[in-house]
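Participant: can't give you the sequence, but here's the structure:
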C-alpha cells in the first residue's frame, strides 16, 4: 500500500520504520525544515525520558542500542530540599532499573535517518498540511514554493502531535468527540551548565525540587549540562506572571531554589528569553475514519496528548506504533480494519496514562517531599524484594514493564489483596506457633 | 460603544435588542441570507419550547406578548403506549403552567424585526466569518461579492451557535479549554399534518412515545400540524443506519408507533429526505478573551451547546442575555469587566443545565413509561399543593422559575430534608395522639 504519514517527529518517524518494514511505500510529510540543517527551537522540551515501553518499540526495529548509547540512565530521583539537603530514592526495588534521559533532537535525528534509509520511504520537509478531504483523498500543503496538492491518498496517518492538523480537519465531522484541557500551570526551561568539565550535580538521577504547589526538575544532558524545567502556576503568587522582573526572579530563586541558583549563571537570561510552554491533555474519538477514497488514522500525541509528569508521552506513542503494527499483521495489512482494531485495544490505555500523568504531578511537586512518602516507598521496595515479580510497584509497572496501562490498576489491587491475605495468614501462623511453644497451661 | 455581534439567530438578535437599549451601536453579521426572503432548511429543529426563563428575557425587551401570541401552550406530557393508550401527566401541580411550542423561524423573525427596529442597529446578511484577530480587532468575512474585512472591532460577541466560528478562532489559543461530546443518538423530523381542518391529536400537550432506548416526540405547530422528532440510535438494531429501506421503516413504525403511523401520510418521504441531525454537548472556557485591541465574548450555544431534552437551549441562551445586560449595568458598560463577571456568574449554571439535559433523555425515553414514575409525580404534585412555594419539583424549578440552574439541586435537597422532618414530626404526633386517646392502661 501507499501510505501517507503526516509529521516527522518521534512517532511519525518510528511509525514509518514499522510500515516500511511491512513492505508499504511511505511518504512522510513534515511542516518544519530538515532538522539536520535547521537549529533547534529555544527552550522547548529539550530532553525526555525513554523507559521500557519506548525501548521495547525501538528494539523491534533494531534501534534500541543506538538510542541508548546516547542516553543517560537515571535509576532514581534526587530530591532537593530548600536547605540543599539531598535525598535519593531509587525507582526500582533493586536500584538497577533506570529511565533514560535523552535529547529529543538526537532521538528524532536517529529515527529520521532510520526511516529515510528504509526502502520505499520518501521524506518531504517544509510541507504544512492545510487541507484534507477524506471523501476524495486530496491533501493540500503550504510549502515555501506555494500550495501543493496530493491526490487520492489511500491511507493518511496523522502523527503530527498535540496540535495535529490532521485531527483539526476531522474535528468538525459529526460524531467526532474531542476535548482539550489545560492545566493552570506552565513550564519554562533553564540550564545548569557543565562545571569544571563535568556535571555540576549527580548525572545518575532525575533531580526534583518539590515545593508543594510548584516544582523544578532537571535531567542530565549528554554534554555535561542539565536541562531544568520549572513547573509553575501561570498566575497568582509565585507564578510566571507574578515573577516578571529580574529582581523578583532572583529573590524567588534565592528563597526556594538556592542550591540550583548557585549553578545557574544564565538564570536571568534563560528566564527572560525562554517561552512559557503550556500543559494540555487532549482526548478524541474515533482515532480512525473511513472515507470514500481514504482511511485516516491518528497516532501518538495527535490521538492522545498527555502532560509530561510520568515521562510517558513518547513511550506511549511508540507503544501505539507497536500495537498498530500488530493489528496490521493480524488483519493482513487491511488498514481500515487494523486501525479500528488498534483503536479498540489502545484507547483505554491512552485514557489511563493521561490520568496517571495528571496524578503524578501532585506526587512529584508535593508528596515526594514528605517522610511518609519515602517510608512508604521503602516498604514497597522491601515487598518487591521479598516477592520478586509478584509484588511490583505502580512506578515500575508504568516505567519498567509493557503491562498495558489500563491493566496496572487491577493488578495493583490484586497484589494488595494477596499481600493482605498473606499477612493475615502469617499473623495467624505466628499466634498459633506462640501458643504451641508455650505448651498446655498447667491445670489449677 | 460600537459592538459587533456574530450570528443573527435567536440569541444574537435578542442580545442586539438588549445592547441597543443600552445605547450601544450594534452591527449584526449573519452567514445566512435574510430569512424573511429565503426559505427554511428542511427538517432542522422546526419548533422549540419557550418557558419561564425565555419569557422573562423577552418580557424585559417588551416582546413576550407578541411571541406568546403565536405559541401553543403545552401544560403537560401525553404518553403514547404501543397499544395507543394515552396517559396525560401535567407539568405543574395545579396543571395551569405550560411550556410553549413555537416555530423557531417565527421567533427568529420577530426578534430580527425587533433588533432591526432599534436605533443604531445594522444587520448584515450573507457574511460568513472566516477570520478574527483579537490582537488587531480585524474580522474577515466571506460574502457573495468576495472577501470583506472589518478593522478595529472593539467588542466582538459570538452568538453563532454550537459550531461557532468565533469560538473556532479562539480554540487554538493556549489555555482555551474545550470539549465536544456527541451522543450515539441522532434525530430526524417527521410531520403529522392537520386532519379535517384541525389537530390530529390534542394540541395541549407535548406528545411522547417512550420506547426504552429510543423515543419519538411531537410538538404542535400553529397551522394544525405536529412536528415529530425521532431520537434513535445512529447504529445497531432499531437505528437510523439499520432502518434503511421503506419496508423496514414501515414495519418498524407498525410495531412501535402504530397510532402515529396512521396519522403520517408522508412518513416514508419525510424519512427518506429529512437529514439525521446530531446531538452534541459543547463546553468551553474562558467565554471571554481580552485582546490588545478587542474584547471577544461568547454567548448562547457558542459558549455552551446542550442537548434538547429539557427544552432549555434557547431559554438558557436568552438568560445569558439578561445576565450580560445586568453585568454591563453593574460595570458601567465596561465590556471587558462585564464579560468576566458574566462568565464568573453564569458558567456553573450552563454546566448544570448541560447535565440536566443529558439526564432528562433517559427520563423521557424510558422512565416516563413506568407506573412508578407516574405515581412518584403524583406524590410530588400532592406535596406541591400541600406546601405551595415551599415544595417545588425539579421540572417546575427548571421550566417555570428563574432560580439559577445550579441552585436547583441544593434547593431540592433542602426541600426533601424538610419534608422528611415534617413527616417524622407528623408520625410522632399521630402516635402520641393515639396513645393519649387510648387512655392509661388498667393496672393489673
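Facilitator: Received it, and whenever you're ready, just let me know what you need. From a predicted model like this one, the values you see are computed outputs, not experimental measurements.
Participant: from here on, contacts and neighbour counts on C-alpha atoms
Facilitator: Will do.
Participant: can you list the residues of chain A near chain B?
Facilitator: Chain A has residues A:174, A:175, A:176, A:177, A:178, A:179, A:180, A:181, A:182, A:183, A:184, A:278 near chain B, with proximity defined as CA under 8 Å from any CA of the partner chain.
Participant: try 6 Å
Facilitator: A:175, A:177, A:178, A:179, A:180, A:181, A:182 (CA under 6 Å from any CA of the partner chain).
Participant: closest one to chain B out of those, please.
Facilitator: Closest to chain B out of those is residue A:179 (3.9 Å), distances taken as CA to the nearest CA.
Participant: contacting residues for the closest one?
Facilitator: Residue A:179 makes contacts with A:282, A:283, B:178, B:179, as judged by CA atoms under 6 Å, 6 or more residues apart in numbering or on different chains.
Participant: again, 10 Å this time
Facilitator: Neighbouring residues of residue A:179 by CA atoms under 10 Å, 6 or more residues apart in numbering or on different chains: A:280-285, A:304, B:177-181, B:282-284.
Participant: top of the residues you listed by neighbour count?
Facilitator: Taking other CA atoms under 10 Å in any protein chain shown as the neighbour criterion, residue A:304 ranks highest of the contacts of residue A:179 with 26 neighbours.
Participant: was I right about that residue contacting residue A:312?
Facilitator: No. Using CA atoms under 10 Å as the test, residue A:304 is too far from residue A:312 to be in contact (11.5 Å).
Participant: where do the contact lists of those two overlap?
Facilitator: Common neighbours of residue A:304 and residue A:312 (CA under 10 Å, 6+ apart) are A:353, A:354.
Participant: endpoints of stretch A:60-73, how far apart?
Facilitator: Using CA to CA, to the nearest Å, the end-to-end distance of stretch A:60-73 comes out at 21 Å.
Participant: equivalent analysis for stretch A:90-107, please.
Facilitator: Terminal-residue distance, stretch A:90-107 (CA to CA): 25 Å.
Participant: before we move on, what about stretch A:223-243?
Facilitator: End-to-end distance of stretch A:223-243 (CA to CA): 30 Å.
Participant: buried sites along that stretch?
Facilitator: A:224-234, A:238-240, A:243 (16 or more other CA atoms under 10 Å in any protein chain shown).
Participant: let me know the closest of those to chain B.
Facilitator: residue A:234 (9.9 Å).
Participant: contacts only, for the closest one.
Facilitator: So residue A:234 contacts A:183, A:184, A:185, A:186, A:187, A:240, A:241, A:242, A:276, A:277, A:278, B:175 (CA under 10 Å, 6+ apart).
Participant: could I get those residues as JSON lines with distance to residue A:94 and pLDDT?
Facilitator: Converted to JSON lines, the contacts of residue A:234 look like this (distance: CA to CA, whole Å; pLDDT from 0 to 100):
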{"residue": "A:183", "distance to residue A:94": "35", "pLDDT": "96"}
{"residue": "A:184", "distance to residue A:94": "37", "pLDDT": "95"}
{"residue": "A:185", "distance to residue A:94": "34", "pLDDT": "96"}
{"residue": "A:186", "distance to residue A:94": "35", "pLDDT": "96"}
{"residue": "A:187", "distance to residue A:94": "33", "pLDDT": "96"}
{"residue": "A:240", "distance to residue A:94": "39", "pLDDT": "97"}
{"residue": "A:241", "distance to residue A:94": "43", "pLDDT": "96"}
{"residue": "A:242", "distance to residue A:94": "43", "pLDDT": "96"}
{"residue": "A:276", "distance to residue A:94": "38", "pLDDT": "95"}
{"residue": "A:277", "distance to residue A:94": "36", "pLDDT": "94"}
{"residue": "A:278", "distance to residue A:94": "36", "pLDDT": "95"}
{"residue": "B:175", "distance to residue A:94": "41", "pLDDT": "93"}
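Participant: how about residue A:250, nearest residue that isn't a chain neighbour?
Facilitator: residue A:268 (7.7 Å; CA to CA, 6 or more residues apart in numbering or on different chains).
Participant: what about the one you found, neighbour count?
Facilitator: Neighbours around residue A:268, by other CA under 10 Å: 15.
Participant: what comes up buried for the strand or helix carrying it?
Facilitator: In this structure, residue A:268 sits in helix A:267-273 according to DSSP states H and E. Across helix A:267-273, burial judged by 16+ other CA under 10 Å covers A:267, A:270, A:271.
Participant: so the residue nearest to residue A:198 when sequence neighbours are not counted, which state does it fall into?
Facilitator: Counting by CA to CA, 6+ apart, residue A:224 is the residue found nearest to residue A:198 once chain neighbours are left out, at 5.5 Å. Put simply, residue A:224 is coil when judged by DSSP: H, G, I helix; E, B strand; the rest coil.
Participant: residue A:224 and residue A:204 touch, don't they?
Facilitator: No. With contact defined as CA under 10 Å, residue A:224 does not count as touching residue A:204 (11.8 Å).
Participant: what's the overlap in contacts for those two?
Facilitator: Shared contacts of residue A:224 and residue A:204, defined by CA under 10 Å, 6+ apart, are absent.
Participant: on that earlier part again, which one of the buried residues of helix A:267-273 is nearest chain B?
Facilitator: For those, the nearest to chain B is residue A:271 (19.5 Å; CA to the nearest CA).
Participant: who are the contact partners of that closest one?
Facilitator: A:43, A:188, A:189, A:190, A:191, A:230, A:240, A:243, A:244, A:245, A:246, A:249 are the contacts of residue A:271 under CA under 10 Å, 6+ apart.
Participant: counting neighbours, what do you get for the last one?
Facilitator: Close neighbours of residue A:249, defined as other CA under 10 Å, add up to 19.
Participant: any idea how far it is from chain B?
Facilitator: 24 Å (CA to the nearest CA, to the nearest Å).
Participant: in a helix, that residue, correct?
Facilitator: Yes. Looking at residue A:249 with three-state DSSP, it is inside a helix.
Participant: bridge partners for the closest residue to chain B within the stretch 251-400 of chain A, pull those for me.
Facilitator: Nearest to chain B, among the residues of the stretch 251-400 of chain A, is residue A:278, at 6.7 Å (CA to the nearest CA). Following DSSP bridges, residue A:278 is listed with bridge partners residue A:186.
Participant: now residue A:141
Facilitator: Beta-bridge partners of residue A:141, as defined by DSSP bridges: residue A:129, residue A:148.
Participant: which SSE is residue A:27 in?
Facilitator: Applying DSSP H and E, one finds residue A:27 within strand A:25-29.
Participant: show me what whichever helix or strand comes after that strand is packed up against.
Facilitator: Downstream of strand A:25-29, the next assigned helix or strand under DSSP H and E is strand A:47-50. With contacts taken as 3 or more CA pairs under 10 Å, 6 or more residues apart in numbering or on different chains; DSSP states H and E, strand A:47-50 sits against strand A:72-74, strand A:99-103, helix A:104-117, strand A:215-220, strand A:226-233, helix A:313-330.
Participant: give me the contacts around the next helix-or-strand element following the third one.
Facilitator: Per DSSP H and E, helix A:104-117 leads on to strand A:121-124 as the next helix or strand towards the C-terminus. The contact list for strand A:121-124 (CA under 10 Å, 6+ apart) reads A:2-8, A:13, A:16-17, A:19-20, A:24-34, A:112, A:115-116.
Participant: got a quick PyMOL command for the buried subset of those residues?
Facilitator: Selection of buried members from those for PyMOL, criterion 16+ other CA under 10 Å:
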select buried, chain A and resi 2+3+4+5+6+7+8+13+16+17+19+20+24+25+26+27+28+29+30+31+32+34+112+115+116
